[in-house]
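In: Build me a structure from this.
(one chain, ligands or ions: 2)
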Amino acid sequence: MSETRASIASARSIVVKIGSSALTSLIGGLDVGRLNLLADALEARMRAGSDVVVVSSGAVGAGLAPLGLTHRPRDLATKQAAASVGQLALAHAWGTSFARYGRTVGQVLLTADDIARRTQHRNAQRTLDRLRALHAVAIVNENDTVATTELRFGDNDRLAALVAHLVGADALVLLSDVDGLYDGDPRKGGATLIPEVNSPEDLDGVVAGSGGALGTGGMASKLSAARLAADSGVPVLLTAASDAATALTTADVGTVFAARPHRMSARKFWVRHAADTQGALHLDAGAVRAVVDRRRSLLPAGITAVGGRFYGGDVVSLVGPEDRPVARGVVAYDSTEIEEMLGRSTADLPADMHRPVVHADDLVAL
Ligand SMILES: Nc1ncnc2c1ncn2[C@@H]1O[C@H](COP(=O)(O)OP(=O)(O)O)[C@@H](O)[C@H]1O
Ligand SMILES: N[C@@H](CCC(=O)OP(=O)(O)O)C(=O)O
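Out: Ligands and ions are numbered 1, 2, ... in the order given. Below you'll find the predicted structure:
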């Protein structure tokens, strides 16, 4: 068995994301039978000693039938109304299912903002850690009723990858209605399963198509979430929910994505993937070489212009001379302060401005 599969099979802490397509159908709504089988597999893994966090889609799908809707709505307000009805049913169904084992569930609804802001990020982390310490299973979903279009996560695949990093998980399992990644859309026929993705070249020529009637992101969002997790050091298994029992025991099923050998620090991961940028610093070519190639801190001498209004502690985009973002970082000063420092060497600045504008530890090249 491959090293990646072995690491997923033995992971101490796992995030398992279950897609709408695996839990709901347009005609039947929420499928409690399928949900019970998933809870069985999740409970077995917990009893074998692993910590599990569940990211469950399906709120919109579960809310359609009770509202008399026969297709997934396109407009945001109806989707949010369906999600508010469906989330209640979904959380209740998970609660009832795990109660068969005497296991308590906790509902955790997150928006992109919660992950993007450092304080909320820490709060979410603490809640998830405490639920785990109390032997309860967290059932996470996007907070669909308050998230607006701009605030929405790409979808729950991305949310699951962010949560995996948030809780320091050792593996991410994505369960869908398809048994892995194919080189083309399997609904069109003639596509071949790719069992293992070890490097970006393994994805050459792969066509990731759209999802089903109830899913949102399709294969493209699973691929980008899998790469996000794998790049940050978390191995990923993608398979069908009907194979959950195998996925959560031997991991000998579906497609696995090998993790990068070194896990990115939690702070760098947040800067790179989760935080919203509040403004921009424009750099000259020498500063780009220093921060991107030599991994140095950013000093005022290499900054040519400031874009937007921001404060010390915000995440900003570092933009090269060709107007292309080259890095992101946590800025040490307010934008108004940096305007006074532009192009000046550190020695010419007052003593309280000798810290780098962005410290190398807070800086991630793109
Ligand atoms: N290259 C591909 N490999 C596998 N599945 C693909 C591919 N391209 C498109 N798909 C489709 O993506 C669907 C899964 O995405 P989606 O419906 O969003 O699932 P979920 O609800 O689990 O998030 C599958 O049903 C499959 O038909
Ligand atoms: N938060 C939404 C799901 C969004 C989503 O990403 O769905 P899916 O592609 O099925 O994982 C819901 O619960 O309906």
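
In: What is the burial count for the nearest residue to Asp155 once chain neighbours are set aside?
Out: Counting by Cβ to Cβ, 6 or more residues apart in numbering, Gly217 is the residue found nearest to Asp155 once chain neighbours are left out, at 3.7 Å. Yep, even glycine has a C-beta here, placed from its N, CA and C like the rest. Gly217 sits with 22 neighbouring residues when counted by other Cβ atoms under 10 Å.

In: got a list of what Gly217 touches?
Out: Shown in contact with Gly217 (Cβ atoms under 8 Å, 6 or more residues apart in numbering): Gly154, Asp155, Asn156, Asp157, Arg158, Gly211, Ala225.

In: Tell me if I'm right that Ala22 and Asp177 touch.
Out: Yes: using Cβ atoms under 8 Å, Ala22 is in contact with Asp177, at 5.6 Å.

In: who's more crowded, the two?
Out: Remark: of Ala22 and Asp177, Ala22 carries more neighbours, 25 against 17, as counted by other Cβ under 10 Å.

In: For the helix or strand bottoming out on mean pLDDT in the chain, which helices and strands make contact with it?
Out: The helix or strand of the chain with the poorest confidence is helix 112-116; it has a mean of 73 (mean pLDDT, DSSP states H and E). In terms of contacts (3 or more Cβ pairs under 8 Å, 6 or more residues apart in numbering; DSSP states H and E), helix 112-116 is packed against helix 118-133, helix 156-166.

In: Adding mean pLDDT and mean neighbour count, write those out as TSV.
Out: Converted to TSV, those look like this (pLDDT from 0 to 100; neighbours: other Cβ atoms under 10 Å):
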stretch	mean pLDDT	mean neighbour count
helix 118-133	88	15
helix 156-166	90	28
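
In: what's the closest of these to ligand 1?
Out: Across those, ligand 1 has its closest neighbour in helix 156-166 (6.3 Å, Cβ to the nearest ligand atom).

In: Contact residues of the stretch 1-150 of the chain facing ligand 1?
Out: Gly19, Ser20, Ser21, Ala22, Ser57 (Cβ under 6 Å from any ligand atom).

In: From the residues you listed, which land in helices?
Out: Using DSSP state H, the members of these that fall within helices are Ser20, Ser21, Ala22.

In: Going along the chain, name the strands of the stretch 201-350 of the chain.
Out: Secondary structure of the stretch 201-350 of the chain (DSSP state E, counting those that start in this stretch): strands at 236-240, 255-257, 280-283, 303-307, 315-319, 325-330.

In: Can you lay out those strands as TSV showing distance to ligand 2 and mean neighbour count?
Out: Listed next are those as TSV, based on distance: least, Cβ to the nearest ligand atom, whole Å; neighbours: other Cβ atoms under 10 Å:
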stretch	distance to ligand 2	mean neighbour count
strand 236-240	12	26
strand 255-257	17	27
strand 280-283	30	22
strand 303-307	32	17
strand 315-319	25	23
strand 325-330	25	21
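
In: With Ser50 as the reference, name the closest of the ones you listed.
Out: Nearest of the strands of the stretch 201-350 of the chain to Ser50, taken as Cβ to Cβ: strand 236-240 at 13.5 Å.

In: Does that closest one reach ligand 1?
Out: No: legend: contact between strand 236-240 and ligand 1 by Cβ under 6 Å from any ligand atom is lacking; minimum distance shown is 8.4 Å.

In: Quote the end-to-end distance of stretch 232-239.
Out: Taking Cα to Cα, to the nearest Å, the first and last residues of stretch 232-239 lie 21 Å apart.

In: which phi and psi does the residue nearest to Asp155 have?
Out: Backbone torsions of Gly217, given as degrees, to the nearest 10, read phi -90, psi -20.

In: same question, Gly29
Out: Main-chain dihedrals, Gly29, degrees, to the nearest 10: phi 70, psi -140.

In: now swap in the one 4 residues further on and tell me
Out: The phi and psi values for Gly33, taken as degrees, to the nearest 10, are phi -60, psi -50.
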